[in-house]
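# after the sequence you'll find the predicted model.
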Amino acid sequence: MATENFCLTFFFIIIMLASVTKKVTERLKMSSSRFAIAIHVLSLLANSDEKILNSEYLACSVNTNPVVIRRLLCALSAAKLVSSQTGASGGTKLAKNADEITLLDVYRAVDEDKQIFALHRKHPDARCFIGKNIQIVLENIQNELDKAVSEKLGRMKLSDVVRMIDETGEKEFVKRDCQKIRKRGEVKLIGEDGQKISGVK
């Protein structure tokens, strides 16, 4: 009986650990892609001719869950980059012109606490010459990289991203609306002509 109880307890502990690990992994993945998704969403809004877009539409293009988009929109709204309307016909639009939004504004809204690379989780051994001095050196490098990234992002506007997309992408897809269809659990992007948009699974 004791052995059976131990095995049962151990089994439940394994399940709990697996669940926690999965959630932590998902949060880390989301955190690392928040800036990219934010730029994607804002580019869609900038290219919408000031139309209000809902989270389902935005999630369709990003190919993610609308809940992920709503959480991101909350951060962008708090930074006054977007404005949202509630209700059945509600949605989101840019709160200012695309040429008034820098990528640094977006970065600060969604990933300001993130750094280029992480330092040691534990303090290195101070008895070692390298271990004693490496932390301050890495902090200086980290600060220089963060400053360089901030300066670069501060010079780039959302309108620049939209222009580059327009120059890079296939013209026939730039202005197409997309609708989300679900078939056997799949999410696809469909153009106005009913054809599957190229490059989207």
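Looks like it came in fine. Numbering: from 1, shown residues only.

# all helices of the chain, in order?
2-46, 55-62, 66-78, 103-111, 129-155, 158-168, 171-174 (DSSP state H).

# just send those back as TSV, with mean pLDDT too.
Converted to TSV, the helices of the chain look like this (pLDDT from 0 to 100):
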stretch	mean pLDDT
helix 2-46	62
helix 55-62	91
helix 66-78	93
helix 103-111	91
helix 129-155	89
helix 158-168	91
helix 171-174	48
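
# quick one: closest of the ones you listed to Phe117.
Between Phe117 and the helices of the chain, the tightest spacing by Cβ to Cβ is seen for helix 129-155, at 6.6 Å. No exception for glycine: its C-beta is placed from N, CA and C like everyone else's.

# that closest one - contacts with which helices or strands?
Helices and strands touching helix 129-155, as assessed by 3 or more Cβ pairs under 8 Å, 6 or more residues apart in numbering; DSSP states H and E, comprise helix 103-111.

# need the contact partners of the helix it packs on.
31, 34-35, 38-39, 42, 72, 75-76, 78-79, 81, 149-150, 153-154, 156-158, 161 (Cβ atoms under 8 Å, 6 or more residues apart in numbering).

# switch to 6 Å and redo it
Helix 103-111 is contacted from outside by Arg34, Phe35, Ala38, Ala75, Leu76, Ala79, Ser150, Leu153, Gly154, Met156, using Cβ atoms under 6 Å, 6 or more residues apart in numbering.

# what would the residues you listed look like in CSV with distance to Ala126 and neighbour count?
As requested, the contacts of helix 103-111 are arranged in CSV below (distance: Cβ to Cβ, whole Å; neighbours: other Cβ atoms under 10 Å):
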residue, distance to Ala126, neighbour count
Arg34, 36, 20
Phe35, 35, 18
Ala38, 40, 24
Ala75, 39, 18
Leu76, 43, 24
Ala79, 40, 17
Ser150, 32, 15
Leu153, 36, 16
Gly154, 37, 14
Met156, 41, 16
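
# ok, so of those, who is nearest Pro124?
Taking the contacts of helix 103-111 together and measuring to Pro124 by Cβ to Cβ, the closest member is Ser150, at 27.5 Å.

# that closest one and Leu138: what is the separation?
Between Ser150 and Leu138 the distance is 18 Å, computed by Cβ to Cβ, to the nearest Å.

# for Ala38, see how far away Val106 is.
From Val106 to Ala38 the distance is 5 Å (Cβ to Cβ).

# again, but for Ile136
Distance from Ile136 to Ala38, by Cβ to Cβ: 33 Å.

# repeat that for Tyr107.
8 Å.

# coming back round to it: ok, which of the helices of the chain comes nearest Thr92?
Nearest of the helices of the chain (Cβ to Cβ): helix 66-78, 5.6 Å.
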